[in-house]
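*Asks:* here's my sequence, what's the structure:
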Amino acid sequence: MKNYFTIIASFIIMLCLGSLYAWSVIANELVKDYGFTIGQAQLIFGVLIAVFPLTMVIVGQLDQKLPHKYLGVISGILFLSGYLLAGLSQGNFFLILIGIGLLGGIATGFGYWVALNASVRWFPEKKGLVTGIATAGFGLGAMVMSLVIEYLLNRDFLIFDILKLFALSYGSIVIGMSFLIYQNPITIDSKSDQLKVSMVIRTRLFQKLFFGLSLGTFAGLLIIGSLKLIGSELGVSLQVLILSVSLFAIANFSGRLVWGFVSDYIGASLSIFLALLVQGVFIFLLNVMDHSDFSFLVVVVLIGFGFGGNFVLFAKETAHVYGIQNLGVIYPFVFLGKTVAGITGPLAGGFLYGVSSSFYYPILFAGAISILGSLLFLHHFLTSRKLSEQQF
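*Replies:* Model (predicted):
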């Protein structure tokens, strides 16, 4: 039962930590009612997004030094402390920057690492599905928190009271669930199985994983960041624009589960090719089709479905290539590719829109980047299969 307790606890921890992507709802209240500039709101979120993966790199070095459940407890304490500090800040920018940007980012890095690695170690034969289940919680977290925040705001709660409520509830849940994280010890057969990161990051395979994740998430994040604006330019109704954001989140959640399941049967490299191909083709269709409300929703759902694969398949391929025992050390460096994409994707989209005053070229660029990522892994799949055949 320890394995099932671990995967359930990991999903719930990810659900809580995934709330970080509901920042836009919080930021809107800070800008509207408390005099924050858009630049200040973006800086807080930018620090969070930068600190989160960098923390994972550090936590990977603690794998053999602290039990996973204690790393999870650290995540919960930091989450509670950070969001409580923001809730008590009375609108002080620097306290919110430290609370949510810095402490929240560190908390997310600890918790994400623990939930992902602890789960995979219990199910080595189902790495894809288990990775999908764990990361699906992260994908769903933003939608859940956004809906709850909107509900509470409509009942005259202040945003800082909501932050205090989330600090105490979510922080306590992460701490409690961490005690249901059981560590499955991995037997390492030889010293050669313990890879040195400094050697790994120089290899072509690592670079394919890093740039593949960067290309896939770059395209998706460019579109996500402007989804409502793109729909508005295409003449989609306001109600459908609001619905499209929720449907994208659900498709992202579903994609993580489905691609994880599929990858256990056809392999992660072929699955990456297919996921990024789906994402790229349907991004292109935003430009090509004459969109009704219905067709826009269909395209958005399929983009979200392909996008979800990024957060499952690269972790699965990292574990497959380097071994589960090295996942916690190597994958945080692969995941830094998403950080690069998180910074450059929205900036590139904004620049292209500023030059052309249209989303036509940002959409075209995002689709091309996604297709490039898919072709990179088609080449990887064909090369790997050819080498495998030569061995026989």
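
*Asks:* could you list the domains of this structure?
*Replies:* Taking automatic domain parsing as the criterion, the chain consists of the domains 1-183, 197-392.

*Asks:* now find how far off-centre the longest one is within its chain.
*Replies:* It refers to domain 197-392. 11 Å (CA atoms, centre = their mean, to the nearest Å).

*Asks:* which positions in stretch 238-254 come out as buried?
*Replies:* 240-241, 243-245, 247-254 (16 or more other CB atoms under 10 Å). Backbone N, C-alpha and C define where each C-beta goes, glycine included.

*Asks:* the nearest residue to G109 once chain neighbours are set aside is in what secondary structure piece?
*Replies:* The shortest distance from G109 to any non-neighbouring residue, by CB to CB, 6 or more residues apart in numbering, is to T55 (2.5 Å). Here T55 sits within helix 38-60, counting by DSSP states H and E.

*Asks:* and if you look at V114?
*Replies:* helix 104-122.

*Asks:* who are the packing partners of the helix or strand just after that helix?
*Replies:* Once helix 104-122 ends, the next helix or strand along the chain (criterion: DSSP H and E) is helix 127-153. Secondary-structure packing of helix 127-153 (3 or more CB pairs under 8 Å, 6 or more residues apart in numbering; DSSP states H and E): helix 2-17, helix 23-33, helix 104-122, helix 159-178, helix 238-266, helix 310-322.

*Asks:* pipe those helices into CSV and attach mean pLDDT and distance to G139 per row.
*Replies:* CSV is the format used below for the helices and strands packed on helix 127-153 (pLDDT from 0 to 100; distance: least, CB to CB, whole Å):
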stretch, mean pLDDT, distance to G139
helix 2-17, 94, 8
helix 23-33, 86, 15
helix 104-122, 94, 12
helix 159-178, 96, 16
helix 238-266, 89, 4
helix 310-322, 91, 7
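
*Asks:* save those as TSV, and put in distance to V281 too.
*Replies:* Formatted as TSV, those follow (distance: least, CB to CB, whole Å):
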stretch	distance to V281
helix 2-17	29
helix 23-33	27
helix 104-122	29
helix 159-178	37
helix 238-266	14
helix 310-322	16
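
*Asks:* quick check: L168 touching L80?
*Replies:* Yes: using CB atoms under 8 Å as the test, L168 is close enough to L80 to be in contact (6.7 Å).

*Asks:* what residues does the helix holding T55 touch?
*Replies:* 20, 23, 27, 30-31, 71, 93, 96-97, 100-102, 104-106, 108-110, 112-114, 328-333, 335-336, 338-339, 342-343 (CB atoms under 8 Å, 6 or more residues apart in numbering).

*Asks:* 6 Å instead, please
*Replies:* 20, 23, 27, 30-31, 93, 97, 100-101, 104-106, 108-110, 113, 328-329, 332, 335-336, 339, 342 (CB atoms under 6 Å, 6 or more residues apart in numbering).

*Asks:* quick one: buried ones out of the residues you listed?
*Replies:* With neighbours counted by 16+ other CB under 10 Å, these contain buried members at 20, 23, 27, 30, 93, 97, 100-101, 104-106, 108-110, 113, 328-329, 332, 335-336, 339, 342.

*Asks:* quick one on the thing from earlier: which one of L168 and L80 is surrounded by more residues?
*Replies:* Using other CB atoms under 10 Å as the criterion, L168 and L80 rank with L80 on top: 22 against 14.

*Asks:* follow-up on the earlier one: max pairwise distance over the buried residues of stretch 238-254: which two?
*Replies:* The span of those, defined through CB to CB, is set by L241 and S254 at 20.6 Å.

*Asks:* how far away is the residue nearest the centre of the chain from L213?
*Replies:* Closest to where the C-alpha atoms of the chain average out (CA atoms, centre = their mean) is F311, at 5.8 Å. Per CB to CB, to the nearest Å, F311 is found 9 Å from L213.

*Asks:* just I49 next, same as before
*Replies:* Separation of I49 from L213 (CB to CB) stands at 15 Å.

*Asks:* quick one, which of these two is more surrounded?
*Replies:* For I49 versus L213, the count of surrounding residues by other CB under 10 Å is larger for L213: 28 against 20.

*Asks:* quick one: the more buried one and L313 touch, right?
*Replies:* No: between L213 and L313 there is no contact under CB atoms under 6 Å: 8.9 Å.

*Asks:* quick one: low-confidence residue ranges for the stretch 51-200 of the chain.
*Replies:* Applying pLDDT under 70 to the stretch 51-200 of the chain flags the ranges 186-194.

*Asks:* what sits against I303?
*Replies:* By CB under 6 Å, 6+ apart, the neighbours of I303 are 279, 282-283.

*Asks:* again with I283
*Replies:* Neighbours of I283 in contact, by CB under 6 Å, 6+ apart: 303, 366-367.

*Asks:* what's the closest non-adjacent residue to it?
*Replies:* Counting by CB to CB, 6+ apart, the nearest residue to I283 once its immediate chain neighbours are dropped is G367, at 3.9 Å.

*Asks:* tell me which element that neighbour falls in.
*Replies:* helix 360-391.

*Asks:* list the buried residues of that helix.
*Replies:* Buried residues in helix 360-391, counted by 16+ other CB under 10 Å: 361-367, 369-374, 376-378, 380-381, 384.

*Asks:* cool, stretch 205-219 as well?
*Replies:* In stretch 205-219, counting by 16+ other CB under 10 Å, buried: 206, 208-219.

*Asks:* kindly export it (C-alpha atoms) in CSV.
*Replies:* Taking C-alpha atoms only, stretch 205-219 is exported to CSV below (Å, rounded to 0.1, in the frame of the first residue of the first chain):
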residue,chain,number,x,y,z
LEU,A,205,21.2,13.4,-25.8
PHE,A,206,20.9,15.7,-22.8
GLN,A,207,21.0,18.7,-25.1
LYS,A,208,18.1,17.1,-27.1
LEU,A,209,16.1,16.8,-24.0
PHE,A,210,16.9,20.3,-22.8
PHE,A,211,16.1,22.0,-26.1
GLY,A,212,13.2,19.7,-26.9
LEU,A,213,11.4,20.7,-23.6
SER,A,214,12.4,24.3,-24.2
LEU,A,215,10.9,24.3,-27.8
GLY,A,216,7.7,22.5,-26.8
THR,A,217,7.0,24.7,-23.8
PHE,A,218,8.1,27.9,-25.6
ALA,A,219,5.4,27.4,-28.2
